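Participant: Show me the folded form of this:
(one chain, ligands or ions: 2)
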Amino acid sequence: MAKPKLAYSCTACGASHNKWAGQCGDCGAWNTLIESVASTKETSARFTGYAGQSRIQNMADISLTEAPRHATGIGELDRVLGGGLVHGSVILIGGDPGIGKSTLLTQTLATLGGQMKALYVTGEESLQQVTLRVRRLGLRDDSFRLLTETCVERILALAEQEKPKVMVIDSIQTVYTELLQSAPGAVAQVREAAAQLVRFAKQTGTALFLVGHVTKEGTLAGPRVLEHMVDTVLYFEGDAGERYRMIRAVKNRFGAVNELGLFAMTETGLKTVSNPSAIFLSRHDEPVPGSIITVTREGNRPLLIEVQALVDDSHTSNPRRVTLGLDQNRLSLLLAVLHRHGGIAMYDQDVFINIVGGVRVTETAADVAMLLACLSSFRSKPLPQKMIAFGEIGLAGEIRPVPNGQERLKEAAKHGFTHAVIPRDNLPKKQDMPTDMEVIAVKRVSELLDIH
Ligand code: TYD
Ligand code: MG
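Facilitator: Ligands and ions are numbered 1, 2, ... in the order given. From the prediction side, this is the model:
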(Lines give C-alpha, C1' and ligand atoms only; values in the text may rest on other atoms or scores of the structure.)
(Ligands and ions follow the chains in the order given, each with its own letter.)
Protein backbone atom coordinates (compact mmCIF):
# COMPACT_ATOMS: atom_id res chain seq x y z
CA MET A 1 0.00 0.00 0.00
CA ALA A 2 1.31 3.42 -0.87
CA LYS A 3 1.89 5.72 2.05
CA PRO A 4 -1.16 7.93 2.47
CA LYS A 5 -0.61 11.63 2.09
CA LEU A 6 -0.21 13.65 5.25
CA ALA A 7 -2.00 16.87 5.95
CA TYR A 8 -1.90 19.31 8.83
CA SER A 9 -5.24 20.31 10.21
CA CYS A 10 -5.95 23.18 12.55
CA THR A 11 -7.54 22.17 15.86
CA ALA A 12 -9.16 25.59 16.16
CA CYS A 13 -10.86 26.03 12.79
CA GLY A 14 -10.44 22.65 11.08
CA ALA A 15 -8.63 24.04 8.03
CA SER A 16 -6.30 21.63 6.27
CA HIS A 17 -2.80 22.61 5.11
CA ASN A 18 -0.12 20.76 3.17
CA LYS A 19 2.75 22.05 5.29
CA TRP A 20 3.19 22.51 9.00
CA ALA A 21 3.40 26.09 10.18
CA GLY A 22 3.40 27.82 13.54
CA GLN A 23 0.31 29.77 12.69
CA CYS A 24 -2.83 28.63 10.92
CA GLY A 25 -3.11 30.57 7.67
CA ASP A 26 -6.88 30.46 7.83
CA CYS A 27 -7.85 31.53 11.31
CA GLY A 28 -4.54 32.93 12.51
CA ALA A 29 -4.37 30.79 15.68
CA TRP A 30 -0.89 29.83 16.88
CA ASN A 31 0.38 26.29 17.49
CA THR A 32 -2.83 24.59 16.47
CA LEU A 33 -1.71 22.57 13.42
CA ILE A 34 -1.49 18.83 14.04
CA GLU A 35 -0.58 16.02 11.72
CA SER A 36 -3.41 14.00 10.22
CA VAL A 37 -4.07 11.70 7.30
CA ALA A 38 -5.13 13.61 4.19
CA SER A 39 -8.52 12.46 3.11
CA THR A 40 -8.35 10.80 -0.29
CA LYS A 41 -10.76 8.38 -1.89
CA GLU A 42 -8.85 5.40 -0.55
CA THR A 43 -8.46 6.64 3.00
CA SER A 44 -12.00 7.89 3.33
CA ALA A 45 -13.25 4.47 2.29
CA ARG A 46 -11.16 2.97 5.08
CA PHE A 47 -12.15 5.53 7.61
CA THR A 48 -15.90 5.80 7.36
CA GLY A 49 -18.48 4.19 9.56
CA TYR A 50 -18.19 1.29 11.96
CA ALA A 51 -21.11 -0.74 10.84
CA GLY A 52 -20.11 -2.09 7.46
CA GLN A 53 -22.87 -1.67 4.88
CA SER A 54 -25.15 1.30 5.37
CA ARG A 55 -28.88 0.77 5.09
CA ILE A 56 -31.88 2.25 6.86
CA GLN A 57 -33.65 -0.27 9.08
CA ASN A 58 -36.55 -0.62 11.48
CA MET A 59 -35.61 -1.03 15.10
CA ALA A 60 -38.01 -3.93 15.34
CA ASP A 61 -35.97 -5.83 12.74
CA ILE A 62 -32.71 -5.54 14.64
CA SER A 63 -32.08 -8.79 16.44
CA LEU A 64 -30.17 -8.97 19.68
CA THR A 65 -29.46 -12.67 19.46
CA GLU A 66 -26.19 -12.64 21.35
CA ALA A 67 -26.32 -12.07 25.09
CA PRO A 68 -25.54 -8.38 25.18
CA ARG A 69 -23.68 -8.49 28.49
CA HIS A 70 -21.08 -10.71 29.97
CA ALA A 71 -20.20 -10.58 33.66
CA THR A 72 -16.47 -10.08 34.13
CA GLY A 73 -16.42 -12.06 37.35
CA ILE A 74 -15.16 -9.01 39.24
CA GLY A 75 -18.23 -7.66 41.00
CA GLU A 76 -17.18 -4.06 41.46
CA LEU A 77 -16.00 -3.77 37.86
CA ASP A 78 -19.35 -5.11 36.65
CA ARG A 79 -21.03 -2.49 38.81
CA VAL A 80 -19.21 0.44 37.18
CA LEU A 81 -19.69 -1.08 33.73
CA GLY A 82 -23.43 -1.09 34.38
CA GLY A 83 -23.87 -4.82 34.85
CA GLY A 84 -21.16 -6.45 32.79
CA LEU A 85 -19.13 -6.22 29.63
CA VAL A 86 -20.99 -5.39 26.43
CA HIS A 87 -19.72 -7.09 23.28
CA GLY A 88 -18.12 -4.69 20.85
CA SER A 89 -17.87 -1.95 23.44
CA VAL A 90 -14.73 0.09 23.98
CA ILE A 91 -13.72 0.98 27.53
CA LEU A 92 -11.07 3.53 28.36
CA ILE A 93 -9.42 3.16 31.77
CA GLY A 94 -7.42 6.11 33.05
CA GLY A 95 -5.43 6.58 36.20
CA ASP A 96 -2.15 7.59 37.81
CA PRO A 97 0.89 5.39 37.29
CA GLY A 98 1.03 2.51 39.74
CA ILE A 99 -2.63 2.74 40.72
CA GLY A 100 -3.43 -0.73 39.42
CA LYS A 101 -4.67 -0.46 35.83
CA SER A 102 -2.54 -3.31 34.54
CA THR A 103 -3.28 -5.39 37.63
CA LEU A 104 -7.03 -5.00 37.24
CA LEU A 105 -7.02 -5.83 33.54
CA THR A 106 -4.76 -8.84 34.07
CA GLN A 107 -7.20 -10.17 36.65
CA THR A 108 -10.18 -9.40 34.42
CA LEU A 109 -8.70 -11.21 31.44
CA ALA A 110 -7.76 -14.17 33.60
CA THR A 111 -11.35 -14.64 34.74
CA LEU A 112 -12.89 -13.82 31.35
CA GLY A 113 -10.31 -15.93 29.54
CA GLY A 114 -11.85 -19.10 30.91
CA GLN A 115 -15.04 -18.41 28.96
CA MET A 116 -13.84 -16.64 25.83
CA LYS A 117 -10.73 -15.96 23.83
CA ALA A 118 -8.73 -13.12 25.36
CA LEU A 119 -5.70 -11.18 24.17
CA TYR A 120 -3.48 -8.84 26.18
CA VAL A 121 -1.45 -6.42 24.06
CA THR A 122 1.25 -4.64 26.01
CA GLY A 123 3.46 -1.86 24.81
CA GLU A 124 4.88 -1.05 28.21
CA GLU A 125 5.99 -4.29 29.76
CA SER A 126 7.82 -7.33 28.45
CA LEU A 127 6.13 -10.71 28.11
CA GLN A 128 8.20 -11.89 31.06
CA GLN A 129 6.94 -9.07 33.27
CA VAL A 130 3.32 -9.79 32.43
CA THR A 131 3.78 -13.52 32.96
CA LEU A 132 5.52 -12.87 36.25
CA ARG A 133 2.59 -10.79 37.41
CA VAL A 134 0.09 -13.45 36.38
CA ARG A 135 1.98 -16.14 38.30
CA ARG A 136 2.44 -13.90 41.33
CA LEU A 137 -1.28 -13.16 41.39
CA GLY A 138 -1.88 -16.90 41.41
CA LEU A 139 -3.86 -16.79 38.16
CA ARG A 140 -3.86 -19.50 35.54
CA ASP A 141 -1.29 -18.71 32.88
CA ASP A 142 -3.22 -20.41 30.08
CA SER A 143 -6.27 -18.20 30.38
CA PHE A 144 -5.25 -15.52 27.89
CA ARG A 145 -2.64 -14.88 25.23
CA LEU A 146 -0.02 -12.15 25.07
CA LEU A 147 1.42 -9.84 22.46
CA THR A 148 4.05 -7.13 22.73
CA GLU A 149 3.58 -4.78 19.84
CA THR A 150 3.08 -1.06 19.45
CA CYS A 151 2.24 -0.65 15.77
CA VAL A 152 -1.53 -0.55 15.50
CA GLU A 153 -1.59 -1.99 11.96
CA ARG A 154 0.36 -5.06 13.09
CA ILE A 155 -1.77 -5.40 16.23
CA LEU A 156 -4.92 -5.42 14.14
CA ALA A 157 -3.48 -7.84 11.58
CA LEU A 158 -2.59 -10.30 14.34
CA ALA A 159 -5.88 -9.76 16.15
CA GLU A 160 -7.76 -10.55 12.95
CA GLN A 161 -6.08 -13.96 12.87
CA GLU A 162 -6.43 -14.57 16.61
CA LYS A 163 -10.09 -13.42 16.77
CA PRO A 164 -10.22 -12.61 20.48
CA LYS A 165 -13.60 -11.80 22.07
CA VAL A 166 -11.95 -9.46 24.53
CA MET A 167 -8.74 -7.48 24.06
CA VAL A 168 -6.66 -5.16 26.23
CA ILE A 169 -4.34 -2.45 24.88
CA ASP A 170 -1.88 -1.38 27.59
CA SER A 171 -1.49 1.53 26.89
CA ILE A 172 -2.97 3.61 24.09
CA GLN A 173 -0.15 6.17 24.46
CA THR A 174 2.47 3.62 23.40
CA VAL A 175 0.59 2.61 20.25
CA TYR A 176 1.35 4.34 16.95
CA THR A 177 0.14 4.14 13.38
CA GLU A 178 2.42 3.94 10.37
CA LEU A 179 0.22 6.46 8.61
CA LEU A 180 1.62 9.33 10.62
CA GLN A 181 5.15 10.48 11.28
CA SER A 182 4.79 11.98 14.75
CA ALA A 183 6.04 10.11 17.82
CA PRO A 184 3.83 7.66 19.75
CA GLY A 185 1.84 9.48 22.39
CA ALA A 186 1.40 12.58 20.24
CA VAL A 187 -2.15 13.83 19.96
CA ALA A 188 -2.52 12.86 16.31
CA GLN A 189 -1.07 9.38 16.91
CA VAL A 190 -3.29 8.58 19.87
CA ARG A 191 -6.37 9.75 18.04
CA GLU A 192 -5.61 7.86 14.84
CA ALA A 193 -4.54 4.64 16.55
CA ALA A 194 -7.58 4.69 18.81
CA ALA A 195 -9.88 5.31 15.86
CA GLN A 196 -8.53 2.22 14.11
CA LEU A 197 -8.90 0.10 17.24
CA VAL A 198 -12.43 1.33 17.89
CA ARG A 199 -13.39 0.51 14.33
CA PHE A 200 -11.99 -2.99 14.73
CA ALA A 201 -13.94 -3.52 17.95
CA LYS A 202 -17.23 -2.40 16.39
CA GLN A 203 -16.78 -4.43 13.25
CA THR A 204 -15.78 -7.66 14.96
CA GLY A 205 -17.79 -7.36 18.19
CA THR A 206 -14.63 -7.55 20.28
CA ALA A 207 -14.82 -5.95 23.69
CA LEU A 208 -11.83 -3.64 23.96
CA PHE A 209 -10.13 -2.15 27.02
CA LEU A 210 -7.81 0.79 26.37
CA VAL A 211 -5.48 1.88 29.15
CA GLY A 212 -4.84 5.61 29.14
CA HIS A 213 -2.25 7.63 31.02
CA VAL A 214 -3.31 10.71 32.88
CA THR A 215 -1.53 14.03 32.97
CA LYS A 216 -0.49 15.89 36.09
CA GLU A 217 -3.82 17.70 36.05
CA GLY A 218 -5.55 14.34 36.30
CA THR A 219 -7.17 14.22 32.88
CA LEU A 220 -6.41 11.65 30.23
CA ALA A 221 -3.30 12.47 28.26
CA GLY A 222 -3.85 12.92 24.59
CA PRO A 223 -6.83 14.34 22.85
CA ARG A 224 -10.21 14.79 24.42
CA VAL A 225 -11.68 13.16 21.35
CA LEU A 226 -10.57 9.85 22.84
CA GLU A 227 -13.36 10.17 25.39
CA HIS A 228 -15.88 10.82 22.63
CA MET A 229 -14.80 7.82 20.58
CA VAL A 230 -15.19 5.21 23.29
CA ASP A 231 -18.35 3.89 24.95
CA THR A 232 -17.23 3.96 28.54
CA VAL A 233 -14.64 6.01 30.42
CA LEU A 234 -13.48 4.74 33.80
CA TYR A 235 -11.11 6.58 36.10
CA PHE A 236 -9.08 5.12 38.93
CA GLU A 237 -9.17 7.28 42.04
CA GLY A 238 -7.38 7.13 45.34
CA ASP A 239 -3.78 7.41 46.42
CA ALA A 240 -1.28 4.96 44.98
CA GLY A 241 0.10 4.73 48.53
CA GLU A 242 -3.25 3.90 50.11
CA ARG A 243 -4.87 0.55 50.38
CA TYR A 244 -8.21 1.39 48.80
CA ARG A 245 -8.72 2.16 45.12
CA MET A 246 -11.88 3.41 43.52
CA ILE A 247 -13.05 3.23 39.94
CA ARG A 248 -15.53 5.82 38.79
CA ALA A 249 -17.52 5.70 35.56
CA VAL A 250 -17.41 9.23 34.14
CA LYS A 251 -19.07 8.26 30.89
CA ASN A 252 -21.05 5.13 30.13
CA ARG A 253 -23.21 4.45 27.12
CA PHE A 254 -24.42 1.24 28.76
CA GLY A 255 -24.98 2.24 32.36
CA ALA A 256 -25.14 4.94 34.98
CA VAL A 257 -22.35 7.46 35.39
CA ASN A 258 -20.67 8.34 38.66
CA GLU A 259 -21.06 4.74 39.77
CA LEU A 260 -18.21 3.86 42.08
CA GLY A 261 -16.44 0.52 42.36
CA LEU A 262 -14.28 -0.16 45.39
CA PHE A 263 -11.16 -2.28 45.59
CA ALA A 264 -8.42 -2.97 48.06
CA MET A 265 -4.88 -3.51 46.80
CA THR A 266 -3.38 -6.58 48.44
CA GLU A 267 -0.29 -8.72 47.91
CA THR A 268 -2.39 -10.87 45.61
CA GLY A 269 -3.85 -8.12 43.48
CA LEU A 270 -7.02 -6.08 43.67
CA LYS A 271 -9.80 -7.48 45.82
CA THR A 272 -13.33 -6.15 45.60
CA VAL A 273 -14.78 -4.50 48.69
CA SER A 274 -18.39 -5.53 48.67
CA ASN A 275 -19.55 -3.73 51.80
CA PRO A 276 -17.64 -0.48 51.61
CA SER A 277 -19.86 1.87 53.54
CA ALA A 278 -17.65 2.19 56.61
CA ILE A 279 -14.13 1.55 55.31
CA PHE A 280 -13.14 5.19 55.21
CA LEU A 281 -13.82 6.01 58.83
CA SER A 282 -10.74 6.67 60.90
CA ARG A 283 -11.55 5.80 64.45
CA HIS A 284 -10.43 8.36 66.99
CA ASP A 285 -10.08 7.26 70.60
CA GLU A 286 -11.72 10.42 71.79
CA PRO A 287 -13.55 13.23 69.99
CA VAL A 288 -11.23 15.57 68.08
CA PRO A 289 -12.03 19.08 66.83
CA GLY A 290 -12.54 19.51 63.10
CA SER A 291 -13.79 16.04 62.29
CA ILE A 292 -17.27 14.88 61.34
CA ILE A 293 -18.79 12.02 59.39
CA THR A 294 -21.01 12.59 56.40
CA VAL A 295 -23.03 10.17 54.30
CA THR A 296 -22.46 10.65 50.59
CA ARG A 297 -24.09 8.78 47.82
CA GLU A 298 -21.67 8.23 45.00
CA GLY A 299 -23.41 6.06 42.46
CA ASN A 300 -26.02 3.79 43.89
CA ARG A 301 -25.07 3.28 47.49
CA PRO A 302 -24.42 5.36 50.56
CA LEU A 303 -20.88 5.75 51.81
CA LEU A 304 -19.84 6.99 55.24
CA ILE A 305 -16.81 9.23 55.04
CA GLU A 306 -14.95 11.50 57.39
CA VAL A 307 -14.52 15.18 56.60
CA GLN A 308 -11.63 16.84 58.41
CA ALA A 309 -10.98 20.55 58.67
CA LEU A 310 -8.08 22.52 60.03
CA VAL A 311 -8.57 26.24 60.61
CA ASP A 312 -5.50 28.12 61.69
CA ASP A 313 -4.31 31.74 61.95
CA SER A 314 -2.94 32.86 58.61
CA HIS A 315 0.33 34.72 58.39
CA THR A 316 -0.08 35.89 54.83
CA SER A 317 -2.32 38.55 53.42
CA ASN A 318 -3.88 35.90 51.21
CA PRO A 319 -5.15 33.11 53.49
CA ARG A 320 -5.07 29.63 52.04
CA ARG A 321 -8.11 27.60 51.07
CA VAL A 322 -6.99 24.06 50.39
CA THR A 323 -9.26 21.08 49.76
CA LEU A 324 -8.42 17.45 49.12
CA GLY A 325 -11.28 15.40 47.73
CA LEU A 326 -13.71 18.32 47.53
CA ASP A 327 -14.21 21.33 45.31
CA GLN A 328 -12.11 24.28 46.41
CA ASN A 329 -14.54 26.88 45.05
CA ARG A 330 -17.26 25.22 47.08
CA LEU A 331 -15.25 25.85 50.25
CA SER A 332 -14.77 29.54 49.44
CA LEU A 333 -18.47 29.82 48.73
CA LEU A 334 -19.44 28.13 52.01
CA LEU A 335 -17.09 30.34 54.04
CA ALA A 336 -18.70 33.39 52.45
CA VAL A 337 -22.16 32.10 53.36
CA LEU A 338 -20.98 31.39 56.90
CA HIS A 339 -19.76 34.95 57.25
CA ARG A 340 -22.79 36.61 55.72
CA HIS A 341 -25.49 34.45 57.31
CA GLY A 342 -23.75 33.18 60.42
CA GLY A 343 -21.58 36.13 61.30
CA ILE A 344 -18.39 34.10 61.65
CA ALA A 345 -15.44 35.51 59.74
CA MET A 346 -12.50 33.42 58.69
CA TYR A 347 -10.78 35.89 56.38
CA ASP A 348 -7.67 35.86 58.56
CA GLN A 349 -7.58 32.07 58.79
CA ASP A 350 -6.05 29.36 56.63
CA VAL A 351 -8.65 26.66 56.00
CA PHE A 352 -7.71 23.12 54.99
CA ILE A 353 -10.23 20.40 54.22
CA ASN A 354 -9.47 16.73 53.72
CA ILE A 355 -11.59 13.69 52.98
CA VAL A 356 -10.07 10.69 54.72
CA GLY A 357 -8.98 7.81 52.48
CA GLY A 358 -8.49 9.69 49.23
CA VAL A 359 -12.18 9.59 48.26
CA ARG A 360 -13.43 12.35 46.02
CA VAL A 361 -16.88 13.71 46.77
CA THR A 362 -18.67 15.27 43.82
CA GLU A 363 -22.04 16.03 45.37
CA THR A 364 -23.10 19.07 47.35
CA ALA A 365 -24.58 16.99 50.18
CA ALA A 366 -21.26 17.34 52.01
CA ASP A 367 -21.76 21.12 52.45
CA VAL A 368 -23.17 20.95 55.97
CA ALA A 369 -20.46 18.56 57.12
CA MET A 370 -17.80 20.81 55.64
CA LEU A 371 -19.05 23.88 57.51
CA LEU A 372 -19.53 21.99 60.77
CA ALA A 373 -15.96 20.67 60.55
CA CYS A 374 -14.63 24.20 59.90
CA LEU A 375 -16.61 25.61 62.82
CA SER A 376 -15.47 22.82 65.12
CA SER A 377 -11.81 23.36 64.25
CA PHE A 378 -12.14 27.16 64.44
CA ARG A 379 -13.59 26.96 67.95
CA SER A 380 -11.38 23.99 68.97
CA LYS A 381 -14.51 22.25 70.13
CA PRO A 382 -15.05 18.63 69.09
CA LEU A 383 -18.42 17.49 67.79
CA PRO A 384 -20.00 14.36 69.26
CA GLN A 385 -18.16 11.32 67.96
CA LYS A 386 -21.33 9.53 66.93
CA MET A 387 -22.66 12.41 64.84
CA ILE A 388 -23.27 12.52 61.10
CA ALA A 389 -24.34 15.48 58.98
CA PHE A 390 -25.46 16.04 55.44
CA GLY A 391 -27.27 18.72 53.45
CA GLU A 392 -26.71 21.27 50.72
CA ILE A 393 -26.20 24.96 51.51
CA GLY A 394 -27.50 27.73 49.31
CA LEU A 395 -26.21 31.27 48.88
CA ALA A 396 -29.20 32.68 50.75
CA GLY A 397 -28.11 30.77 53.83
CA GLU A 398 -30.76 28.10 53.48
CA ILE A 399 -30.13 24.40 53.96
CA ARG A 400 -31.59 22.40 51.12
CA PRO A 401 -32.66 18.78 51.11
CA VAL A 402 -30.59 16.14 49.32
CA PRO A 403 -31.77 13.07 47.40
CA ASN A 404 -32.25 9.81 49.29
CA GLY A 405 -32.10 11.43 52.71
CA GLN A 406 -33.87 8.59 54.40
CA GLU A 407 -31.52 5.98 53.00
CA ARG A 408 -28.54 7.97 54.24
CA LEU A 409 -30.05 8.24 57.69
CA LYS A 410 -30.71 4.52 57.79
CA GLU A 411 -27.14 3.71 56.81
CA ALA A 412 -25.80 5.91 59.60
CA ALA A 413 -28.15 4.31 62.12
CA LYS A 414 -27.00 0.88 60.97
CA HIS A 415 -23.43 1.81 61.86
CA GLY A 416 -24.38 2.95 65.33
CA PHE A 417 -24.49 6.73 64.90
CA THR A 418 -26.67 8.41 67.47
CA HIS A 419 -26.85 12.04 66.28
CA ALA A 420 -27.71 13.35 62.83
CA VAL A 421 -27.81 16.88 61.47
CA ILE A 422 -30.02 16.91 58.40
CA PRO A 423 -32.01 19.42 56.31
CA ARG A 424 -35.50 19.97 57.68
CA ASP A 425 -37.03 18.97 54.35
CA ASN A 426 -35.31 15.60 54.63
CA LEU A 427 -36.97 14.84 57.95
CA PRO A 428 -38.61 11.42 57.69
CA LYS A 429 -42.17 10.74 58.80
CA LYS A 430 -42.59 9.75 62.42
CA GLN A 431 -42.97 6.04 61.70
CA ASP A 432 -39.81 6.05 59.55
CA MET A 433 -37.67 7.83 62.09
CA PRO A 434 -34.72 5.66 63.14
CA THR A 435 -34.93 4.66 66.78
CA ASP A 436 -31.96 5.39 69.07
CA MET A 437 -31.07 8.43 66.99
CA GLU A 438 -31.38 12.08 67.84
CA VAL A 439 -32.19 13.85 64.57
CA ILE A 440 -31.48 17.59 64.46
CA ALA A 441 -33.36 19.17 61.56
CA VAL A 442 -31.96 22.50 60.36
CA LYS A 443 -33.27 25.08 57.94
CA ARG A 444 -30.74 27.94 58.12
CA VAL A 445 -26.95 28.17 58.31
CA SER A 446 -27.27 30.17 61.53
CA GLU A 447 -28.73 27.09 63.23
CA LEU A 448 -25.48 25.23 62.61
CA LEU A 449 -23.70 27.55 65.03
CA ASP A 450 -25.53 26.04 67.98
CA ILE A 451 -24.54 22.46 67.20
CA HIS A 452 -21.85 21.04 69.41
P1 TYD B 1 0.14 -1.63 38.07
O2 TYD B 1 -1.10 -2.44 37.99
O3 TYD B 1 1.25 -2.03 37.17
O4 TYD B 1 -0.26 -0.11 37.86
P5 TYD B 1 -0.53 0.70 36.51
O6 TYD B 1 -0.65 -0.26 35.40
O7 TYD B 1 -1.80 1.45 36.81
O8 TYD B 1 0.60 1.64 36.35
O9 TYD B 1 0.73 -1.63 39.54
C10 TYD B 1 0.04 -1.36 40.67
C11 TYD B 1 0.82 -1.22 41.94
O12 TYD B 1 0.27 -2.16 42.83
C13 TYD B 1 2.31 -1.51 41.87
O14 TYD B 1 2.96 -0.41 42.49
C15 TYD B 1 2.51 -2.72 42.73
C16 TYD B 1 1.24 -2.91 43.47
N17 TYD B 1 0.78 -4.30 43.50
C18 TYD B 1 0.40 -4.86 44.70
O19 TYD B 1 0.45 -4.24 45.76
N20 TYD B 1 -0.05 -6.17 44.72
C21 TYD B 1 -0.13 -6.90 43.58
O22 TYD B 1 -0.54 -8.07 43.64
C23 TYD B 1 0.26 -6.29 42.34
C24 TYD B 1 0.21 -7.07 41.06
C25 TYD B 1 0.71 -5.01 42.34
MG1 MG C 1 0.60 -0.54 33.75
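
Participant: Any idea how many residues pack against the residue of the stretch 251-400 of the chain found nearest ligand 1?
Facilitator: Nearest to ligand 1, among the residues of the stretch 251-400 of the chain, is residue 269, at 4.1 Å (C-beta to the nearest ligand atom). (Glycine included, C-beta is placed from N, CA and C.) If you count neighbours by other C-beta atoms under 10 Å, residue 269 ends up with 20.

Participant: Now it. Nearest residue, chain neighbours left out?
Facilitator: residue 137 (4.5 Å; C-beta to C-beta, 6 or more residues apart in numbering).

Participant: Tell me who's in contact with the residue of the stretch 251-400 of the chain closest to ligand 1.
Facilitator: Listed by C-beta atoms under 8 Å, 6 or more residues apart in numbering, the contact partners of residue 269 are 103, 106, 107, 137.

Participant: and the first one, backbone torsions?
Facilitator: When quoted as degrees, to the nearest 10, the phi and psi of residue 103 stand at phi -60, psi -50.

Participant: What of the one 5 residues further on?
Facilitator: Note on residue 108: its backbone torsions stand at phi -60, psi -50 [degrees, to the nearest 10].

Participant: With adjacent residues omitted, what lies nearest to it?
Facilitator: Here the residue nearest residue 108, using C-beta to C-beta, 6+ apart, is residue 72, at 5.3 Å.

Participant: now the protein, which segments are flagged as low pLDDT?
Facilitator: 1-4, 39-53, 64-67, 215-224 (pLDDT under 70).

Participant: Please identify the longest strand in it, counting by residues.
Facilitator: For the chain, the strand with the greatest residue count under DSSP state E is strand 301-313.

Participant: what packs against that strand?
Facilitator: strand 291-298, strand 349-355, helix 367-379, helix 405-414 (3 or more C-beta pairs under 8 Å, 6 or more residues apart in numbering; DSSP states H and E).

Participant: Given the second one, what are its sheet partners and their directions?
Facilitator: Taking DSSP bridges as the criterion, strand 349-355 pairs within the sheet with strand 301-313 (antiparallel), strand 321-324 (parallel).

Participant: contacting residues for residue 244?
Facilitator: If a contact means C-beta under 8 Å, 6+ apart, then residue 244 has 238, 262, 263, 264, 265, 273, 279, 280, 357, 358 as its contacts.

Participant: quick one: it and residue 335, what's the gap?
Facilitator: 29 Å (C-beta to C-beta, to the nearest Å).

Participant: Would you mind listing what in the stretch 251-400 of the chain touches ligand 1?
Facilitator: With the criterion set to C-beta under 6 Å from any ligand atom, the stretch 251-400 of the chain comes near ligand 1 through 265, 267, 268, 269.

Participant: what's the straight distance from one end of stretch 254-262 to the other?
Facilitator: 20 Å (C-alpha to C-alpha, to the nearest Å).

Participant: re the thing from before, take the residues of the stretch 251-400 of the chain next to ligand 1 and keep only those in strands.
Facilitator: Reading strands off those with DSSP E, I get 265, 269.

Participant: Can you select the buried ones from the residues of the stretch 251-400 of the chain next to ligand 1 in ChimeraX?
Facilitator: Listed next is the ChimeraX selection for buried residues among those, using 16 or more other C-beta atoms under 10 Å:
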select :265,269
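
Participant: Cool, thanks, signing off.
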